[in-house]
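Visitor: the sequence and its predicted three-dimensional model are supplied below.
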Amino acid sequence: MVVAMMLGLFPAGAQQAKKKKIINRYSMRLIPQEDGSYALDDKTLGLLAGEEPEGLYEPYQNVPLIPSSTVEDVFYKEIVYKTYPDRELKLYIAPAQGATAPAPVVCFIHGGGWRAGNPGSFRKHAMYVAKYAGFAGVSIGYSLAGQKGASIAVTMQDLHDAVQYLREHASEYNLDMKHLAFAGSSAGGHLAAMMALTEPDAKVLSGWSGVYDMEPHMGYWVGGGNPEVVKYMFGGKSRKIQPYSPVYNIPDDRQIAVQLFQGTGDASVHHSQAECFRDALEEAGQRTVECNIYPYYAHGLTGSSDKGRECFAKFIQFTKEHIYD
């Protein structure tokens, strides 16, 4: 029902008003050539291993994941939940529409490589679940690499403080803080996983192209010209990253329903991240683990690809089914 409702909201001919880059249906970036054709970068070609799926070199006119018209009447509030000398941290909250009892809360955490992004990127997601899914939707901002005093430990404290803010204002926004879901993409997938594993009232985690074992991903930062992220993660000291790797933080005293999305054509985060997290969860005794691996799809699987709406619909359905487990 949720899937049918969602798919009916997206007109087939709609497309984004602004396109920052040319992509194919798999959300791979296409590189224009002088003869009018398109090419792919070498890393993506290496992941394809000689395979050429349908539409690989064809530009995709992607539609908005959540058209503004579908949520234009949804009330939301922008809140500064924490202040630093050089920055304010904000969250957006959209109370569940029409709820007579306190509603479960879905917390969205944005991506951006731990050094960019803002909670506005998930504001419409929060508004959508508030209108159509019966949840309160929240999108949370946090300290970023490169900001004064920021580190992964500081970011995690920010996110816990945001949840505490919601607890303290639960009656004001009609929130059921005993039933929480966390969802995020890319770096936000990592942070959402850490929150779901460490917040005792978390019932659901949905990770989208996330990093769950930080050790194999270190080369991406250290060798990728990301000094701000290296300092943020390691602080210039020994590389003790296990405390912030979800695979090493799975609780053994409670169950969390986990849903993962990853593409095999993702040149930023290898799809083995989802698979190793799935295996670690199952080995730790977690009973509900859904791992969705999409052949050929790139890092934008859940956002700009032609599977974005399908993934979002699956997320809503999964959360509905397990939020009260």
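Guide: Arrived safely, thanks for sending.
Visitor: give me the mean pLDDT for the lengthiest helix in the chain.
Guide: The helix that spans the most residues within the chain, counting by DSSP state H, is helix 152-168. If you average the pLDDT over helix 152-168, you get 97.
Visitor: so which residues of this protein form helices?
Guide: Listed in chain order, the helices of the chain (DSSP H) span 2-7, 42-48, 123-132, 152-168, 170-173, 187-198, 214-222, 227-234, 272-283, 308-322.
Visitor: as a markdown table, those helices with mean neighbour count would be great.
Guide: (Glycine included, C-beta is placed from N, CA and C.) Rendered in a markdown table, the data for these read as follows (neighbours: other C-beta atoms under 10 Å):
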| stretch | mean neighbour count |
| --- | --- |
| helix 2-7 | 14 |
| helix 42-48 | 15 |
| helix 123-132 | 24 |
| helix 152-168 | 18 |
| helix 170-173 | 13 |
| helix 187-198 | 26 |
| helix 214-222 | 16 |
| helix 227-234 | 18 |
| helix 272-283 | 19 |
| helix 308-322 | 20 |
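Visitor: nearest to residue 33, out of those helices?
Guide: Comparing the helices of the chain against residue 33 with C-beta to C-beta, the closest turns out to be helix 42-48 (14.3 Å).
Visitor: how far does that closest one sit from the chain's center?
Guide: In terms of C-alpha atoms, centre = their mean, to the nearest Å, the centre of helix 42-48 is set 24 Å apart from its chain centre.
Visitor: ok, and what's touching it?
Guide: Applying C-beta atoms under 8 Å, 6 or more residues apart in numbering, the set of residues contacting helix 42-48 from outside is 28-29, 40, 56, 264-267, 296, 298.
Visitor: poorly predicted segments of the protein, please.
Guide: Scanning the chain for pLDDT under 70 picks out 1-20, 220-225, 236-240.
Visitor: any idea how far residue 55 is from the residue of it most remote from its centre?
Guide: What lies farthest from the middle of the chain is residue 35; by C-alpha atoms, centre = their mean that is 37.1 Å. With the distance defined as C-beta to C-beta, to the nearest Å, residue 35 ends up 19 Å from residue 55.
Visitor: right, I'll call it a day here.
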